[in-house]
Every structure is written in C-alpha cells, then in structure tokens.
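Participant: A structural model of the following input is requested.
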Amino acid sequence: MPFLEDDQLETFYLTNCSSLTDIQGLEELTSLRELSLGGCNSSLLAYAFREHFFQTFSGFGHQIEIYIQSEEFPDWMSQSSNLGSTVSVDMPPNVSHNFLAMILCFRLCEDTEIRLLNDLRPSYYNVQNTSSGFMLQGSFDNHNHESLMVVVPRTIFSVKDGDHRIELTSDAEILGIHVMCNREIPKIDECNSIAANVDDDGSCHFLKGKTCGK
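Facilitator: All right, here's what the predicted structure looks like:
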C-alpha cells in the first residue's frame, strides 16, 4: 500500500482486507479521528496496533475512534473480566506526570436487526474522575461494526496525583479501560485494589483488582 501522507485525512476505512500486511504512514495521519480495520489480515492488525501506535495517537490532542472486531483487540490491551455497562479502574499515586491516555473498549450490538435500529441513535458513554468530579461525555455511531476503541488523550481528560478512580458508564457493553503511561510508576502494596503491569517500552496499564479480604 502506498505511504499515507494526507495529514488532513480524518476518516480512514480499510475493512476485510486479507492480503495487506502493513500500512506505511498510519501514524503520520495527525488529523485522523475515525479508523476502521475490521476483518483485516492479522499481520496488518499486529503491525498497526502496536503500543507505540497508541502512544503516538495520544499526542494528537483529540479523540480517535477505532472500529474492529472484539477478537481483534491487541493482546497487550487489558480487558475487564466484569463486562457490563459500568467499569471502574483504580489509579496509583503519582500518576499525573506519566499519564498519556485512556483507551475505552466497547462491544457493540451483534444482533443485526437491533444494530440497524440503533444506527438511528448514537450510543453514549461517560467517563468520570470520582475524586475531582470531572466528567467527560461522548457518543459514537454504531454503524455496522462490532466493537470500538476510543483513544482519549490527557489533553482532554487529565488526572492529578491523588485522583483515585476513573469510572466509565455506557449504554453499550464495556470491555474495559486501558490506561497508558509513558514510564514506570512504582507499584503499590498488593493489598490495595490495583495491579500495575509495566511493559518493556515503559507503557503501563492498570487493572481493577480485589481488595484484601474479599
């Protein structure tokens, strides 16, 4: 595929492409707001959905919607075991200077008839910082896609040291919240309700865990 050079491109659809294995210049599309790669070659998805890809996109200053099938979500991305309409993630201390972005993960309706009906109205989501009370509200069209990732950069939703929890609610099924950070944050005691996993490249994702004694 030719190198992508249009820095004004806002929407890029490339679905069910079984022969393409890479896209040169995808990270140069600084105006991109909607990307669809559902049903494409697994090698292409592995190439496109590296953590560096999301870290780069987190610096663009606006939200990006990425439509794919739920089984195509990157392996490194943490997904909640408690699927539903509300998911929360507990934040560690000293997170403010390291926070890059959140990736909100949704599974859209799989029933074709219901999905066609839902296409007439958008799905909503709310992300709330329970410490400060700040809330981000958003919506997305269902289209004909199965699942969605929304990249929310820190320029839109920031956190401060001492902010304890982020809560996501939606009328779509939530698969999880993935928190991306630019370098390691010290892990807190295992008795707290957070597990922190730091990857080799310095990105860090957090999963809601169990409080001791439960």
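Participant: now the top strand by length along the chain: mean pLDDT?
Facilitator: Ordering each strand of the chain by length in residues (DSSP state E) puts strand 165-181 first. Strand 165-181 comes out with an average pLDDT of 87.
Participant: for stretch 133-142, same thing?
Facilitator: The model assigns stretch 133-142 a mean pLDDT of 87.
Participant: ok, residues contacting it?
Facilitator: Stretch 133-142 has contacts (C-beta atoms under 8 Å, 6 or more residues apart in numbering) with 63, 65, 106, 108-109, 115, 118-119, 122-129, 148, 150, 152, 156-157. Backbone N, C-alpha and C define where each C-beta goes, glycine included.
Participant: Could you check that stretch and say which residues are buried?
Facilitator: Residues of stretch 133-142 classed as buried: 136, 138, 140, 141, 142 (neighbour count, 16 or more other C-beta atoms under 10 Å).
Participant: Sort out for me which of these are in strands.
Facilitator: 136, 138, 140.
Participant: Between the residues you listed, which sits nearest residue 22?
Facilitator: residue 140 (27.0 Å; C-beta to C-beta).
Participant: how close does that closest one sit to residue 99?
Facilitator: Residue 140 sits 23 Å away from residue 99, going by C-beta to C-beta, to the nearest Å.
Participant: Could I get the contacting residues of the residue most central in space within the chain?
Facilitator: Residue closest to the average C-alpha location in the chain (C-alpha atoms, centre = their mean): residue 103, at 1.9 Å. Contacts for residue 103 were tallied using C-beta under 8 Å, 6+ apart; they are 54, 77, 149, 150, 151, 152, 177, 178, 179, 180.
Participant: one more time with 6 Å
Facilitator: The contact partners of residue 103, taken as C-beta atoms under 6 Å, 6 or more residues apart in numbering, are 149, 151, 178.
Participant: So for stretch 19-29, mean pLDDT?
Facilitator: pLDDT averaged over stretch 19-29 gives 77.
Participant: how would you label the residue lying closest to residue 72 once chain neighbours are set aside: helix, strand or coil?
Facilitator: Nearest residue to residue 72 in three dimensions, chain neighbours excluded: residue 45, at 5.4 Å (C-beta to C-beta, 6 or more residues apart in numbering). With DSSP: H, G, I helix; E, B strand; the rest coil as the basis, residue 45 sits in helix.
Participant: Can you report how many residues neighbour residue 45?
Facilitator: 18 (other C-beta atoms under 10 Å).
Participant: Now do the helices in this protein.
Facilitator: In the chain, the segments counted as helices under DSSP state H are 42-48, 51-57, 112-118.
Participant: re earlier: taking strand 135-140 as reference, get the angle to the longest strand of the chain.
Facilitator: Taking axes from the mean of the first three to the mean of the last three C-alpha atoms, to 10 degrees, one finds strand 165-181 and strand 135-140 inclined to each other by 70 degrees.
Participant: for this protein, what helix or strand is lowest in average pLDDT?
Facilitator: strand 194-198 (a mean of 36; mean pLDDT, DSSP states H and E).
Participant: Between the two ends of stretch 157-169, how far is it?
Facilitator: Start-to-end span of stretch 157-169 (C-alpha to C-alpha, to the nearest Å) is 15 Å.
Participant: Return the set of buried residues in that stretch.
Facilitator: Neighbour count says stretch 157-169 has 157, 159, 163, 164, 166, 168, 169 buried, by 16+ other C-beta under 10 Å.
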